[in-house]
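*Asks:* Would you be able to build a 3D model of this:
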Amino acid sequence: MRRSLETSRVAAPLLLPALALALTLALGAGGVGPSGPVWSQGATAQTPKTKSGPADKSAQKPAPPLPQVHYGTKGLPRPVLDMREALLAAIEAGDIEELRHAWDLNEAKPDLGADSKGDPVAHWKRLSGDGEGREVLAALSLVLDAGHVVLRSGPDLENNQVYVWPYFAEWPLDKLTPKQEVELLRLVPPAAVREMKAKGRYTHWRLVIGADGTWLALRKGN
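*Replies:* The predicted model follows:
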């Protein structure tokens, strides 16, 4: 009996660290932290890595599909066509002042960019290299000739689509085909293309019109 007690006293100090180690490993295997799994506590969820290799790629979310590119006017709603015609009228007249008519058709005025102040025509003339707004009209002409994409925006099921020219504004520049590269080079010079690719986004002129014909934006930048 005394021999058994002595054996227990000797084994106890060795058993306690082993139990502590086993408990630590059990908690670690579950990835449990103070507020849930460790890999879900950051800003974005990540698949945990194991000792046997990297994260399971099959668990990663697939990339969203690229938007369909449309050319020409086929499929455009009548209100969008009407606004497009109003913009083209100013281009054909070669007079930036004619864009004021399309501007006045909107109760909510289009987004012209963060640097827009006061009168829109004066703003376009400031941006235009010729000082008369004709460079802006030329850019708008090329943008309207480019392909566009249709996006959904807002809860209105009957009128939640917006039409964006050119499609590069909503397209990953690292996914361009050679044909698309040519289309982009029609809008901007090669140096500008390289700069946009380095930034990872299109920053030239873009035009946005809502399905109800509302002119939503004509701006440079993001």
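
*Asks:* contacting residues for P110?
*Replies:* P110 makes contact with W103, P120, V208, W215, L216, A217, L218, according to C-beta atoms under 8 Å, 6 or more residues apart in numbering. C-beta coordinates here come from the backbone N, C-alpha and C atoms, glycine included.

*Asks:* contacting residues for the fourth one?
*Replies:* In this case it means W215. With contact taken as C-beta under 8 Å, 6+ apart, W215 is in contact with M83, L87, A102, W103, L105, N106, P110, V208, I209.

*Asks:* Just name the shakiest helix or strand of this structure by mean pLDDT.
*Replies:* When each helix and strand of the chain is scored by mean pLDDT, DSSP states H and E, strand 36-37 comes last, with a mean of 28.

*Asks:* Give me the subset of the contacts of W215 lying in helices.
*Replies:* Of those, the ones assigned to helices by DSSP state H are M83, L87, A102, W103.

*Asks:* My read is that D82 contacts G213, right?
*Replies:* Yes: in this structure, D82 is within contact of G213 by C-beta atoms under 8 Å, at 5.6 Å.

*Asks:* Who has more neighbours out of the two?
*Replies:* With neighbours defined as other C-beta atoms under 10 Å, D82 and G213 compare such that G213 has more, 18 against 14.

*Asks:* element containing the more buried one?
*Replies:* Assigned by DSSP states H and E, G213 falls within no helix or strand.

*Asks:* Could you check how far it is from L76?
*Replies:* Noted for G213: a distance of 10 Å to L76, by C-beta to C-beta, to the nearest Å.

*Asks:* what do you get for K117?
*Replies:* Taken as C-beta to C-beta, the span from K117 to L76 is 32 Å.

*Asks:* what's the answer for M196, then?
*Replies:* From M196 over to L76 the distance is 27 Å, taken as C-beta to C-beta.

*Asks:* picking up where we left off before, just the contacts of P110: which are in strands?
*Replies:* Judged by DSSP state E, strands contain the following of these: V208, W215, L216, A217, L218.

*Asks:* Which one's more surrounded, K117 and L76?
*Replies:* L76 (18 against 10).

*Asks:* Quick check: the more buried one touching Y163?
*Replies:* Yes: L76 lies in contact with Y163 (C-beta under 8 Å); the separation is 6.9 Å.

*Asks:* which neighbours do these two share?
*Replies:* The contact sets of L76 and Y163 do not overlap (C-beta under 8 Å, 6+ apart).

*Asks:* what residue ranges in this protein score low on pLDDT?
*Replies:* Applying pLDDT under 70 to the chain flags residues 1-60, 154-159, 222.
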